[in-house]
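S.K.: fold the following, please.
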Amino acid sequence: MSIDDLTLGEIRRHLHHLVALADTSERPRPTAINGPDHPMPGQEWVIVEDVASRVPHTWWIRTAEDADGRAAPTIYLSTPESMAPGQDFDCVRTSDARRVALAILAACDRADHLAAGITRLEDHRPTNP
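M.R.: Model (predicted):
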């Protein structure tokens, strides 16, 4: 099938999928680097969800470093559902955070492929015990 055979909506869906893939192909840079005078010195990533709402849905992900730039193998996560988003953080071990992040990427791939009507063999493999 060539691009000439596609409708404008199909082209937009394919373009949206390609942009989504590009957005996850490299690690994002931190939004801020909090200095030693900050209550949680270290790097910070702020992600505002693209949702239609009067209140922004914002996620904060931080590392907390000591004066020598060392950090425990943990990250700090504040979700839009936190009691005080951006101020109320959960501590998550990096090993658990990586597993959650990979599961989110896998679920996004699955949803994008289903939306595009693409069947992949890996979608039908059994789950790990």
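
S.K.: wait, what's in contact with the residue nearest to residue 45 when sequence neighbours are not counted?
M.R.: In this structure, residue 45 finds its nearest non-sequential neighbour in residue 61, 4.5 Å apart by C-beta to C-beta, 6 or more residues apart in numbering. Placement of C-beta: from N, CA and C, glycine included. Contacts for residue 61 (C-beta atoms under 8 Å, 6 or more residues apart in numbering) come out as 44-45, 47, 75-78.

S.K.: again, but for residue 35
M.R.: Listed by C-beta under 8 Å, 6+ apart, the contact set of residue 35 reads residue 41.

S.K.: which strand in the protein has the most residues?
M.R.: strand 42-48 (DSSP state E).

S.K.: low-confidence bits of the protein, can you list those?
M.R.: Within the chain, the segments meeting pLDDT under 70 span 1, 20-25, 122-129.

S.K.: so where do the helices sit in it?
M.R.: 8-23, 94-116 (DSSP state H).

S.K.: closest to residue 29 out of the ones you listed?
M.R.: Of all those, it is helix 8-23 that lies closest to residue 29, at 13.1 Å by C-beta to C-beta.

S.K.: that closest one - contacts with which helices or strands?
M.R.: helix 94-116 (3 or more C-beta pairs under 8 Å, 6 or more residues apart in numbering; DSSP states H and E).

S.K.: mind listing what's buried along the helix it packs on?
M.R.: 97, 109 (16 or more other C-beta atoms under 10 Å).

S.K.: I'd like to know which of the contacts of residue 61 is nearest to residue 102.
M.R.: Of the contacts of residue 61, the one sitting nearest to residue 102 (C-beta to C-beta) turns out to be residue 75, at 14.5 Å.

S.K.: partners of the closest one in the sheet?
M.R.: Counting by DSSP bridges, residue 75 is bridged to residue 92.

S.K.: give me the buried subset of the contacts of residue 61.
M.R.: In terms of neighbour count (16+ other C-beta under 10 Å), the buried residues within these are 44-45, 75-78.

S.K.: residue 17: which of those is nearest?
M.R.: Using C-beta to C-beta, the buried ones among the contacts of residue 61 come closest to residue 17 at residue 45, 23.6 Å.
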